[in-house]
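Asker: model this:
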Amino acid sequence: MFYTRLLRPAATDPLHSQIASEPQPLGTLVDDVAEYEVESILGQKKGRGGAQKYLVKWKGYQQPTWEPYSFVQNLAALDIWENRGEEGDDVRG
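Answerer: The predicted structure follows:
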């Protein structure tokens with residue numbers, strides 16, 4: 001048995017984390033796969049299991065995201081980041 005008078009209408013307003021405040025730029029289609037442009041790499045850390053993660057600033061996005069090495073391994077931005085570390089700069093994000 002279920003008391004239907006205990007039911008309330010579902011909320012129609014989204015939660016704060018569900019509101020997209022920045023527009024999502026469209027990726028460039030390459031072989032039917034969307035690709036996004038990396039502006040720069042801002043930081044580096046070890047993730048779970050010791051895997052390297054990189055803080056990536058995407059072109060057209062306000063917030064950077066942490067991405068695994070497999071996402072950035074062939075990018076010129078990674079070469080720039082690694083060369084920066086050789087010059088004595090701090091490479092930790």
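Asker: Quick check: the gap between the residue nearest the centre of the chain and Phe71.
Answerer: Centroid-nearest residue in the chain: Thr65, 2.8 Å away (criterion: C-alpha atoms, centre = their mean). Look at Thr65 and Phe71: by C-beta to C-beta, to the nearest Å, they are 9 Å apart. For glycine as for every other residue, the C-beta is placed from the backbone atoms N, C-alpha and C.
Asker: and if you look at Lys59?
Answerer: 15 Å.
Asker: Compare neighbour counts for those two and give me the winner.
Answerer: Using other C-beta atoms under 10 Å, the more surrounded residue of Lys59 and Phe71 is Phe71, with 15 against 10.
Asker: tell me the contacts of Tyr54?
Answerer: If you count contacts by C-beta atoms under 8 Å, 6 or more residues apart in numbering, Tyr54 has them with Ile41, Gly43, Gln44, Trp66, Glu67, Pro68, Tyr69, Phe71, Val72, Leu78, Trp81, Gly93.
Asker: How far does stretch 51-64 sit from its chain's centre?
Answerer: 5 Å (C-alpha atoms, centre = their mean, to the nearest Å).
Asker: Low-confidence ranges, the protein, go.
Answerer: By pLDDT under 70, the weakly predicted segments of the chain are 21-22, 85-93.
Asker: circling back: would you mind grabbing the residues shared as contacts by Thr65 and Phe71?
Answerer: Val56.
Asker: Could you give the separation between the terminal residues of stretch 54-70?
Answerer: Length of stretch 54-70, first residue to last, C-alpha to C-alpha, to the nearest Å: 10 Å.
Asker: picking up where we left off before, closest one to Met1 out of the contacts of Tyr54, please.
Answerer: The closest of the contacts of Tyr54 to Met1 turns out to be Trp66 (C-beta to C-beta; 48.8 Å).
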